[in-house]
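# this one's structure only:
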């Protein structure tokens with residue numbers, strides 16, 4: 001079995017499917033480029049849904065994984081680990097001031113679940129305020145904090161105590177936070193919700209209101225973190241110091257990992273939370289290598305500069321199908337006048353892999369090592385595909 005159709009048939013036969021598939025069998029990657037099993041090349045503007053910030057098969061990450069795999073792969077949290085200790089110190093150094101302790105887990109949804117438990121434990125309160133259009137994951141607690149009904153309704157009843165306000169509506173937020181609110185949960189850029197940034201006034205109000213009313217501010221940086229928005233973390237655009245920050249996706253260069261960063265205000269949860277695989281030496285080694293690569297190669301600055309370049313190039317031949325460009329760094333959303341899905345299929349034919357962010361938004365999350373020449377190819381493909389649709 002070596003051809004694409006055979007592998008697709010095998011996956012369809014044995015996989016419990018939860019995702020609609022695209023007609024591509026990805027075989028290998030390097031930097032911002034992927035190749036399918038037939039050797040066709042694609043520029044990857046999905047990046048594993050914002051995971052491959054340091055690029056595919058990043059040499060520093062590959063070296064760290066290889067060396068660690070030959071040394072020690074697993075070490076439970078009841079023992080100390082030098083690899084884990086080094087990563088914890090590094091995370092405390094790169095995240096906003098005050099976030100000096102971390103719980104290491106395996107995914108973004110796990111980080112959200114743990115963060116909500118820590119918020120309830122610390123405050124003794126039960127309720128949460130999240131944002132409309134927000135997305136925090138698919139596990140029961142995380143989906144309870146996610147607004148879109150298509151994710152929620154099939155699994156109701158969900159975890160109680162969640163209310164929702166429109167992003168950037170300070171009056172609604174002010175009215176929603178009560179003496180039973182454990183935390184306000186926000187994404188500084190709503191990724192799945194259409195690449196919609198929170199404005200400075202709303203962020204400042206969220207910080208002020210939570211402090212005044214004894215609630216915590218929980219910032220979800222699962223997609224925005226690790227240089228994606230032109231800063232190491234999106235909090236830096238607002239000089240924001242949250243009480244809890246959730247991380248995942250790009251943290252370990254593609255190896256599954258999540259983290260919950262907390263201040264000293266957050267109560268210890270000795271014996272009340274845990275993980276079998278979280279903080280394992282293999283993932284910690286990968287994360288350390290990935291973060292150090294981001295620092296050395298100044299990927300935050302690179303994302304800011306290349307994001308500007310992308311937008312400038314796109315505006316030079318802006319297709320009529322694009323109603324609005326929403327962007328922070330290399331987190332890009334193109335609001336279209338029609339459904340995005342047919343355009344995503346067409347882009348594959350033009351050698352570009354991209355994502356939706358709602359029914360009418362084309363989302364581009366390229367690896368931050370992408371070159372200007374590769375961006376030119378992406379812009380040319382996007383403009384050609386959207387112009388064909390408009391013709």
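Structure received. Since we're looking at a predicted model, the values are computed, not measured.

# can we go C-alpha only for contacts and neighbour counts from here?
Will do.

# need the contact list for residue 267.
118, 121-122 (CA atoms under 8 Å, 6 or more residues apart in numbering).

# help me confirm that residue 29 is found in a strand?
Yes: counting by DSSP: H, G, I helix; E, B strand; the rest coil, residue 29 falls inside a strand.

# let me know the pLDDT of residue 1.
pLDDT, residue 1: 50.

# likewise for residue 378?
Reported pLDDT for residue 378: 98.

# what sits against it?
With CA under 8 Å, 6+ apart, residue 378 has these contacts: 43, 352.

# give me the distance between it and residue 352.
Distance of residue 378 to residue 352, computed by CA to CA, to the nearest Å: 6 Å.

# anything in contact with each of the two?
residue 43.

# which residue packs closest to residue 257, ignoring adjacent ones?
In space, and not counting its chain neighbours, residue 257 is closest to residue 106: 3.9 Å by CA to CA, 6 or more residues apart in numbering.

# one step back: ranking the contacts of residue 267 by neighbours, who comes first?
Using other CA atoms under 10 Å as the neighbour test, the contacts of residue 267 are led by residue 118, with 22 neighbours.

# and that one, how close does it get to residue 302?
35 Å.

# if we can go back for a sec, show me which of the contacts of residue 267 is closest to residue 195.
For the contacts of residue 267, the minimum distance to residue 195 (CA to CA) is 27.8 Å, reached by residue 118.

# what ranges do the strands span in the stretch 101-250 of the chain?
101-105, 127-131, 162-165, 181-187, 189-190, 196-197, 216-220, 244-247 (DSSP state E, counting those that start in this stretch).

# mind checking what secondary structure residue 334 has?
strand.

# picking that back up, next one, pLDDT for the residue nearest to residue 257 please.
On the pLDDT scale, residue 106 gets 98.

# isn't it right up against residue 278?
Yes: contact status for residue 106 versus residue 278: in contact at 5.4 Å, counting by CA atoms under 8 Å.

# what sits in contact with each of those two?
With CA under 8 Å, 6+ apart, residue 106 and residue 278 have common neighbours 257-258.

# measure the residue nearest the centre of the chain to residue 229 for me?
Centroid check for the chain by CA atoms, centre = their mean gives residue 223 as the closest residue, at 1.7 Å. Going from residue 223 to residue 229 by CA to CA gives 9 Å.

# any idea how the protein splits into domains?
59-296, 300-338+347-362+377-391 (automatic domain parsing).

# if we can go back for a sec, looking at the strands of the stretch 101-250 of the chain, which is nearest to residue 361?
strand 196-197 (10.5 Å).

# for residue 36, phi and psi?
phi -90, psi 180 (degrees, to the nearest 10).

# what about the nearest residue to residue 24 once chain neighbours are set aside, distance to residue 27?
Of all residues not flanking residue 24 in the chain, residue 36 sits nearest, at 6.5 Å (CA to CA, 6+ apart). Distance, residue 36 to residue 27, by CA to CA: 5 Å.

# CSV please, covering the domains of the chain and showing distance to residue 8.
As requested, those are exported to CSV (distance: least, CA to CA, whole Å):
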stretch, distance to residue 8
domain 59-296, 23
domain 300-338+347-362+377-391, 17
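
# who wins for proximity to residue 41 among those?
That would be domain 300-338+347-362+377-391 among the domains of the chain, by CA to CA, at 6.4 Å.

# circling back: which residues sit in contact with the residue nearest to residue 257?
Taking CA under 8 Å, 6+ apart, one finds 248, 256-259, 277-279 in contact with residue 106.

# now do residue 149
Residue 149 neighbours (CA under 8 Å, 6+ apart): none.

# and for residue 361?
Residue 361 neighbours (CA under 8 Å, 6+ apart): 194, 333-336, 339-340.

# out of those, which are buried?
194, 333-336, 340 (16 or more other CA atoms under 10 Å).
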